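>>> Curious how this folds, go ahead:
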Amino acid sequence: QLQNYISDIGQKQFNGVTLFDSSGMAVTIDSDANTFTMNEIDMNSSTTATGLAQAYTNSTTSITNTTSAGSALSNIQTAIQNLANMRARIGANIQRLNVTRGQLSLLNENLTATNSRILDTNVAEETTRMARFNILVQSGTAMLAQANIMPQMALRLIN
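Sure thing, here's the model as predicted:
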């Protein structure tokens, strides 16, 4: 049963992606197409299958003499080492995903703050600025009108 379970784990998929494929996978982490490569973990590899097959068989293991006991111990040690290696690879990938998650969280926070600064205008301040510029435009227009009237008044006086 254990061998079937391990074999089944090697075929598991999530969202159409084989979780324990024998090839690495490039993962895009941001809008600039920056990527990182996840290390491969091959649960179907012959090393894994051999180590587990050696550690677990349907027949009983005889340890009546030192040779068979040494062989059984060697098989168990090989299986444990193979599992430890796979756990180390999985742990490294989990750590890389955690670091990337942290970076994406920071990027999301920065984008949210930037979006907030763009969208959250100070209506009172902007209304005051608009009123100030309207007053300046109106006073400029009045000054131009006065400047245009002065030459006409001078001409009327001469006539």
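>>> Might you list the low-confidence residue ranges for the protein?
1-7, 9-10, 19-62 (pLDDT under 70).
>>> how's it carved up into domains?
Under the assignment automatic domain parsing, the domains of the chain span 2-120, 124-159.
>>> ok, which stretches of this protein are helices?
Taking DSSP state H, the helices of the chain run over residues 2-10, 46-55, 66-119, 123-158.
>>> Make JSON lines from those helices and add distance to residue 17 and mean neighbour count to it.
In this view, the C-beta of every residue, glycine as well, is placed from N, C-alpha and C. JSON lines is the format used below for these (distance: least, C-beta to C-beta, whole Å; neighbours: other C-beta atoms under 10 Å):
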{"stretch": "helix 2-10", "distance to residue 17": "14", "mean neighbour count": "13"}
{"stretch": "helix 46-55", "distance to residue 17": "20", "mean neighbour count": "17"}
{"stretch": "helix 66-119", "distance to residue 17": "13", "mean neighbour count": "12"}
{"stretch": "helix 123-158", "distance to residue 17": "48", "mean neighbour count": "9"}
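>>> Would you mind putting those helices into TSV with distance to residue 18 alongside?
As requested, the helices of the chain are exported to TSV (distance: least, C-beta to C-beta, whole Å):
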stretch	distance to residue 18
helix 2-10	9
helix 46-55	15
helix 66-119	14
helix 123-158	54
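>>> just so I know, which of these lies nearest residue 16?
helix 2-10 (16.5 Å; C-beta to C-beta).
>>> Pull up the gap between residue 78 and residue 65, please.
Here the distance between residue 78 and residue 65 works out to 20 Å (C-beta to C-beta, to the nearest Å).
>>> ugh, typo on my part, it should be residue 117
Residue 117 is 78 Å from residue 65, by C-beta to C-beta.
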